[in-house]
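Q: Okay, here's the prediction I keep looking at, along with the sequence it came from:
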Amino acid sequence: MSDPMIVASDVGKAYGTGPGAVVALAGVTLSVAPGERVAILGKSGSGKSTLMNLLGGLDSPTTGSLAVAGRNLAGLSRRQLADYRLTQVGFIFQSFHLIPSKSSLENVELPLVLAGKPARDRRTSARELLARVGMDHRADHYPTQLSGGERQRVAVARALVNHPAILLADEPTGNLDSATADAVMELLSARVRETGVTLVLVTHDEDLAARTVDRVVRMRDGRVVE
Ligand SMILES: Nc1ncnc2c1ncn2[C@@H]1O[C@H](COP(=O)(O)OP(=O)(O)OP(=O)(O)O)[C@@H](O)[C@H]1O
């Protein structure tokens, strides 16, 4: 057995302190194997996005320990967390988060620019990824010139271009109509299988989870309940 990709041990997260503090995570324990695809389901406010932020190194746990790809995230400096995000994590958000002033190609290239990759290599990698998501014909278009489904395809390419260890997708089809959502999910699943990346998918959609992932994790009141 290889080591787990994600190990969360009794992870707690509170926003604020004192009587006004909000406990968003009340002790999450979870282990995810390399290449495993996991969906997180739970009501609004159950802590899904908070957990994703911690996994992505965007925020730190208040208590407990969290390790991804063998790194203890709680022990990292801000600079190390930034490096972790850049090299180990791919993010896909509900609202795409593409940079409006950059073309599709430039958006996909951006993680490679930040990682200091040489211009020619990154251009080649970004073009390859755009082709893998069926968007090579829109390489020079800007986000406002793209449909929602097309934007999310570009976002999928951007999330994978750095060969991350984990891919975090937070309601990736939440802003799309159902036909477009199905097409984007199919593409995302195909790229996930192809790359073997470990997927953590937040969704409200039971059917989507059932057809996309290996395991469903349910959250309630800041805890994993199954
Ligand atoms: N920055 C913050 N400051 C204070 N409280 C917060 C903050 N972010 C989240 N919370 C609170 O933490 C709890 C968990 O929120 P979280 O966003 O993780 O839930 P969620 O399951 O992702 O919900 P949704 O499905 O609506 O996105 C909620 O009670 C929320 O109000």
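A: Alright, I've got the coordinates. Residues are numbered from 1 along each chain as shown.
Q: Show the residue spans covered by the strands in this protein.
A: Under the criterion DSSP state E, the chain carries strands at the ranges 6-15, 22-32, 37-42, 63-68, 71-72, 89-93, 166-170, 198-202, 215-220, 223-224.
Q: between those strands, which gets nearest to residue 156?
A: strand 89-93 (6.2 Å; Cβ to Cβ). C-betas here are computed from N, CA, C, even on glycine.
Q: What is that closest one packed up against?
A: If you count contacts as 3 or more Cβ pairs under 8 Å, 6 or more residues apart in numbering; DSSP states H and E, strand 89-93 packs onto helix 148-160, strand 166-170.
Q: To the ligand, which of the ones you listed lies closest?
A: strand 166-170 (7.8 Å; Cβ to the nearest ligand atom).
Q: Return the set of buried residues in that closest one.
A: Using 16 or more other Cβ atoms under 10 Å as the test for burial, strand 166-170 gives 166, 167, 168, 169, 170.
Q: The first one bridge partners, please.
A: Read that as residue 166. Note on residue 166: beta-bridge partners residue 89, residue 198, judged by DSSP bridges.
Q: And the residue nearest the centre of this structure?
A: Central residue of the chain (Cα atoms, centre = their mean): residue 168, 1.6 Å from the mean position.
Q: Look up how far residue 10 lies from that residue.
A: Residue 168 sits at a distance of 21 Å from residue 10 (criterion: Cβ to Cβ, to the nearest Å).
Q: Which residue, neighbours along the chain excluded, lies closest to residue 217?
A: residue 40 (5.1 Å; Cβ to Cβ, 6 or more residues apart in numbering).
Q: which residues touch that neighbour?
A: Counting by Cβ atoms under 8 Å, 6 or more residues apart in numbering, residue 40 touches 48, 51, 52, 200, 201, 202, 203, 217, 218, 219.
Q: still on that earlier bit, if you compare the helices and strands packed on strand 89-93, which one is most tucked away?
A: Among those, the stretch with the highest mean neighbour count (mean count of other Cβ atoms under 10 Å) is helix 148-160, at a mean of 24.
Q: Could you list every helix and strand in contact with it?
A: Going by 3+ Cβ pairs under 8 Å, 6+ apart, helix 148-160 lies up against strand 89-93, helix 104-114, helix 119-132, strand 166-170, helix 178-195.
Q: Try it again at 6 Å.
A: strand 89-93, helix 104-114, helix 178-195 (3 or more Cβ pairs under 6 Å, 6 or more residues apart in numbering; DSSP states H and E).
Q: which regions of this structure lie under the pLDDT threshold?
A: Across the chain, the ranges flagged by pLDDT under 70 are 1.
Q: Can you pull the residues of it lying near the ligand?
A: Contacts of the chain with the ligand, taken as Cβ under 6 Å from any ligand atom, map to 15, 22, 24, 42, 44, 45, 46, 47, 48, 49, 50.
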